[in-house]
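Student: how would this look folded up:
(chains A, B, C and D)
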4 protein chains.
Amino acid sequence: MPVRTPDPDPNERDDDDGRESLDFGEGRGSLPGSATNPAWLSDVELAEMRRRLPMIYVEALPVRTDGLGAVTQVGILLRATPLGEITRTIVSGRVRYGETIRDALFRHLENDLGPMAFPLLPLSPTPFTVAEYFPIPGVSAFHDDRQHAVSLAFVVPVTGTCEPRQDALEVTWMDPAEAASDTLSAEMEGGRGTLVRLGLASVGALR
Amino acid sequence: MPVRTPDPDPNERDDDDGRESLDFGEGRGSLPGSATNPAWLSDVELAEMRRRLPMIYVEALPVRTDGLGAVTQVGILLRATPLGEITRTIVSGRVRYGETIRDALFRHLENDLGPMAFPLLPLSPTPFTVAEYFPIPGVSAFHDDRQHAVSLAFVVPVTGTCEPRQDALEVTWMDPAEAASDTLSAEMEGGRGTLVRLGLASVGALR
Amino acid sequence: MPVRTPDPDPNERDDDDGRESLDFGEGRGSLPGSATNPAWLSDVELAEMRRRLPMIYVEALPVRTDGLGAVTQVGILLRATPLGEITRTIVSGRVRYGETIRDALFRHLENDLGPMAFPLLPLSPTPFTVAEYFPIPGVSAFHDDRQHAVSLAFVVPVTGTCEPRQDALEVTWMDPAEAASDTLSAEMEGGRGTLVRLGLASVGALR
Amino acid sequence: MPVRTPDPDPNERDDDDGRESLDFGEGRGSLPGSATNPAWLSDVELAEMRRRLPMIYVEALPVRTDGLGAVTQVGILLRATPLGEITRTIVSGRVRYGETIRDALFRHLENDLGPMAFPLLPLSPTPFTVAEYFPIPGVSAFHDDRQHAVSLAFVVPVTGTCEPRQDALEVTWMDPAEAASDTLSAEMEGGRGTLVRLGLASVGALR
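Tutor: Residues are numbered from 1 along each chain as shown, chains lettered A, B, ... in the order given. Sure, this is the predicted structure:
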């Protein structure tokens, strides 16, 4: 699984990437770009659609592995909310119109971990779980004030250096037991502590 | 896995069910219902959103099993398109705003197989595959002129009697080998022959 | 998934079933039956092979589900060891020579839950995890003094009445959160608390 | 998923590796080594156990991937049988007493693909399928004259150079469609054509 040479597009941020993460993002831009691309969404339009259609997301739990493929470390993101709160989360973002799951996964990994993370994207397009985020708490284990989102979640080994860009302040690497602990789980937002545990279970790293 | 007592709502067809299947459906209704429920979508609005956001779908391959859980028969739907063509497909439909994957799966199974099918819904929310339908052919194995859809696909045992309603004319039961054949695959639309094979592979019924 | 009509063979206990569970079983019988069936193993022979070859096992976590397939209860077995200790475990037993995984699963479910449990065997032959039990603790999450066993683990809905036979004293039904708790995990032997958590994760019932 | 530095042990062949592949191997060695290691098996002992206990195997379908993780090529082995026939197969071998699934997988990959193949071992210990080989044809899709074997099958990306050792004459790389074709399937022994298709299905490369 050689990694794709990173190729960040300087103009890429015209729609929603990065900011578009499940909890803090909002549609970007305000130009009447929709004239040329009907799939382009203004902030207002995206906000509107979020109240009427389920959004499709991808999420990734970054891990480091030993030579036999066993998970040794898990990467948890620290992020500042627009209100200045610090919260913990994982890589997360919207799938755009016309974009494949794999492309969306690669794009959000690059946005959140930087261009030198060298992620090894999953062979299988099947996620380890499907997380359903609802605006009303309690419907499922996952919650997002802003929207109903259906999120495909993957465990992704990274082999390079992680330098978060955009909203992510830092990647904290911890061992699987710490990542699955009740303490860490309580610090994660939207129920993502559950997602971390399910991801670790899927790779045999939950005890 | 006792089955849920069917409880068809006579007024259920006010949004999109049934007709809303991946290939032929269009948004139902024309009343200004959106006044009361912002998630309600008119035909025009739904058609508009389909050009701008990926839609989330569920699909189900109905099967019959023997006493040990091995798949003995696969149910393939015959359906008439609005143009009067007869095509083959499987159970398929959109996930509504606020609806869980399981509820959507149950709703579309009931729409396509009737209230007496008694489906055994999957324990796991994880699909056997995620099918990505693009409006442009060739991007993936799956194609849908109308939209970009991300579809979560499940194999679902049914234990009762199937009497298709709505657009489905008939359910044809065939053995796994026939369902996976090149002949049948060629008759299925949007690449669903591949989906049938992947589903059979997931339950050990592809040879 | 109609259930197989139970058909307990009164002479079935000539090899190893029931007693053959991962932690307490020993090969049954002492007759020179091997004259007619070379796969028949005496107690001594089986004990010998257990020190020289990895054994293949199946394990099952019995669950009850609601009408949409969500797990509502988990069945944990109480068992008395030969020394009179009471321990907690799940359905578990050896795969015999010439026996399919599905047949072994059915046989051990019947032995441990009784003939009226009406288990719904999994469609897929792929387990939710492969548990590796080693005689030396610490090699993996799982431990068995007696042998090296490779165990294929499944979540199995049961729809009937459970009346344990043989070594199992009782089936205790509890909700998924209790079954996944640290308290219960500590009472289970050989690391099966981890197995319960992984099984619950696989069906979306671990939070 | 950095690869493990290869570390072939020149004395490794004292038990069963390489030759121990599912179809042609026999237990190696004839020294009374069992005096020191009770798990050591002579040819005669292993042949005897093969008639009385199911053996546990691992199998691997080697693949090459593009930068996004999509499978571009599949490696199929050419092998000469003891009778001089040329057959096609995949990486395959027995799990030894005390050996983990991951170690067995690494050992057989190295034996069949050479020390410079640099395989990326799977994160998850769960195989894409469990293949059951029976000595009597027709019980399942898989057949092995010699024994009853339960085989855990994995898809494994390789990033280096493959130089088969031992019995494997050559690795042929082909695209997924060719690997899944009826023609190739017919040339593979023991039903492994089915295993190749199931592996490709598991990574979204079967159409």
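Student: shaky segments in chain A?
Tutor: With pLDDT under 70 as the threshold, chain A has low-confidence stretches at A:1-38, A:166-168.
Student: Show me what from chain A comes close to chain B.
Tutor: Residues of chain A that fall close to chain B, judged by CB under 8 Å from any CB of the partner chain: A:38-41, A:45, A:49, A:51-56, A:95-101, A:125-130, A:132, A:134-135, A:139-140, A:148, A:150, A:152. For every residue, glycine as well, the C-beta is placed using N, CA and C.
Student: Just those: which are in strands?
Tutor: Using DSSP state E, the members of the residues of chain A next to chain B that fall in strands are A:M55, A:I56, A:T129, A:V130, A:E132, A:F134, A:V150, A:L152.
Student: Neighbours of the last one, how many?
Tutor: Spelled out, it's A:L152. Counted with other CB atoms under 10 Å in any protein chain shown, the burial measure for A:L152 works out to 25 neighbours.
Student: Surely A:L68 touches D:R102?
Tutor: Yes. A:L68 is within contact range of D:R102, at 4.7 Å (criterion: CB atoms under 8 Å).
Student: Name the SS class of the residue nearest to A:F118 when sequence neighbours are not counted, please.
Tutor: Distance criterion CB to CB, 6 or more residues apart in numbering or on different chains; nearest residue to A:F118, sequence neighbours excluded, is A:G160 at 3.5 Å. Each residue gets one of three states, and A:G160 gets coil by DSSP: H, G, I helix; E, B strand; the rest coil.
Student: what does the one 3 residues further on give?
Tutor: Following three-state DSSP, the label given to A:E163 is coil.
Student: Quick one: residues contacting it.
Tutor: Remark: with contacts taken as CB atoms under 8 Å, 6 or more residues apart in numbering or on different chains, A:E163 is in contact with A:L113, A:G114, A:M116, A:A117.
Student: Torsion angles phi and psi at the closest residue to the second one other than its chain neighbours?
Tutor: Counting by CB to CB, 6+ apart, the nearest residue to A:G114 once its immediate chain neighbours are dropped is A:E163, at 3.8 Å. Summarising the backbone geometry of A:E163 under the convention degrees, to the nearest 10, its torsions are phi -130, psi 90.
Student: Looking at chain A, which residue is nearest chain C?
Tutor: Using CB to the nearest CB, A:A201 is the residue of chain A that sits closest to chain C, at 3.7 Å.
Student: Give me the nearest residue to that residue, chain neighbours excluded.
Tutor: C:A201 (3.7 Å).
Student: ok, the one you found touching A:G199?
Tutor: No. Contact between C:A201 and A:G199 fails when scored by CB under 8 Å: they sit 9.2 Å apart.
Student: Which residues of chain A lie near chain C?
Tutor: Counting by CB under 8 Å from any CB, the positions of chain A adjacent to chain C are A:T129, A:A141, A:G191, A:T194, A:R197, A:L198, A:A201, A:S202, A:G204, A:L206, A:R207.
Student: Mind picking the two most distant members of these?
Tutor: The widest separation within those, taken as CB to CB, falls between A:G191 and A:G204 and amounts to 22.5 Å.
Student: Please give the element, helix or strand, for the residue of chain A closest to chain C.
Tutor: When elements are defined using DSSP states H and E, A:A201 is found to belong to helix A:192-202.
Student: now that helix and strand A:129-134, what's the angle there?
Tutor: 170 degrees (axes from the mean of the first three to the mean of the last three CA atoms, to 10 degrees).
Student: buried set for the lengthiest helix in chain A?
Tutor: With residue count as the measure and DSSP state H as the assignment, chain A has helix A:101-113 as its longest helix. In terms of neighbour count (16 or more other CB atoms under 10 Å in any protein chain shown), helix A:101-113 has its buried residues at A:I101, A:R102, A:A104, A:L105, A:F106, A:R107, A:H108, A:L109, A:E110, A:N111, A:D112, A:L113.
Student: Quick check: the two most widely separated of these?
Tutor: A:I101 and A:L113 (17.7 Å).
Student: So A:G191 and A:G204 - more neighbours on which side?
Tutor: The residue with more neighbours, out of A:G191 and A:G204 and counting by other CB under 10 Å, is A:G204; that gives 26 against 17.
Student: show me the contacts for the more buried one.
Tutor: Taking CB under 8 Å, 6+ apart as the contact definition, A:G204 lies against A:A70, A:V71, C:T129, C:L198, D:L123, D:S124, D:P125, D:T126.
Student: Just flag the most distant two among the residues you listed.
Tutor: Going by CB to CB, the pair spanning those furthest: A:A70 and C:L198, at 15.3 Å.
Student: Let me see the ranges of the helices in chain A.
Tutor: With DSSP H as the criterion, chain A has helices spanning A:43-50, A:101-113, A:176-179, A:182-187, A:192-202.
Student: Of all those helices, which one is nearest D:P62?
Tutor: Minimum separation from D:P62 across these (CB to CB) falls at helix A:101-113, 21.0 Å.
Student: how distant is the closest one from the center of its chain?
Tutor: In terms of CA atoms, centre = their mean, to the nearest Å, the centre of helix A:101-113 is set 8 Å apart from its chain centre.
Student: Return the alpha-carbon coordinates of that helix using PDB.
Tutor: Once side chains and other backbone atoms are set aside, the C-alpha atoms of helix A:101-113 remain, and they are given as PDB (Å, rounded to 0.1, in the frame of the first residue of the first chain):
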ATOM      1  CA  ILE A 101     -15.300   7.700  -0.100                       C
ATOM      2  CA  ARG A 102     -11.600   7.000  -0.600                       C
ATOM      3  CA  ASP A 103     -11.000  10.500  -2.000                       C
ATOM      4  CA  ALA A 104     -12.900  12.100   0.800                       C
ATOM      5  CA  LEU A 105     -11.000  10.000   3.300                       C
ATOM      6  CA  PHE A 106      -7.700  11.000   1.800                       C
ATOM      7  CA  ARG A 107      -8.700  14.700   1.700                       C
ATOM      8  CA  HIS A 108      -9.700  14.900   5.300                       C
ATOM      9  CA  LEU A 109      -6.700  12.900   6.500                       C
ATOM     10  CA  GLU A 110      -4.500  15.400   4.800                       C
ATOM     11  CA  ASN A 111      -6.400  18.300   6.200                       C
ATOM     12  CA  ASP A 112      -6.300  17.100   9.700                       C
ATOM     13  CA  LEU A 113      -2.900  15.400   9.800                       C
END
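Student: how far off strand B:129-134 does it point, in degrees?
Tutor: Here the directions of helix A:101-113 and strand B:129-134 differ by 100 degrees (the same axes, to 10 degrees).
Student: And helix A:101-113, what does it pack against?
Tutor: Using 3 or more CB pairs under 8 Å, 6 or more residues apart in numbering or on different chains; DSSP states H and E as the contact criterion, the secondary-structure elements in contact with helix A:101-113 are strand A:55-65, strand A:91-94, strand A:149-157, strand A:168-174.
Student: At the geometric centre of chain A, which residue do we find?
Tutor: Centroid check for chain A by CA atoms, centre = their mean gives A:S92 as the closest residue, at 1.2 Å.
Student: Go ahead and confirm it touches A:S151.
Tutor: Yes. Contact between A:S92 and A:S151 holds when scored by CB under 8 Å: they sit 7.2 Å apart.
Student: can you tell me how far A:S42 sits from chain D?
Tutor: When CB to the nearest CB, to the nearest Å is applied, the distance between A:S42 and chain D equals 30 Å.
Student: Over to A:V203?
Tutor: Summarising the geometry, the distance separating A:V203 from chain D, computed by CB to the nearest CB, is 4 Å.
Student: cool, and A:T81?
Tutor: From A:T81 over to chain D the distance is 31 Å, taken as CB to the nearest CB.
Student: Look up phi and psi at that residue.
Tutor: phi -80, psi 170.
Student: Next, the buried residues of stretch A:145-159.
Tutor: With burial defined by 16+ other CB under 10 Å, the residues of stretch A:145-159 counted as buried are A:146-159.
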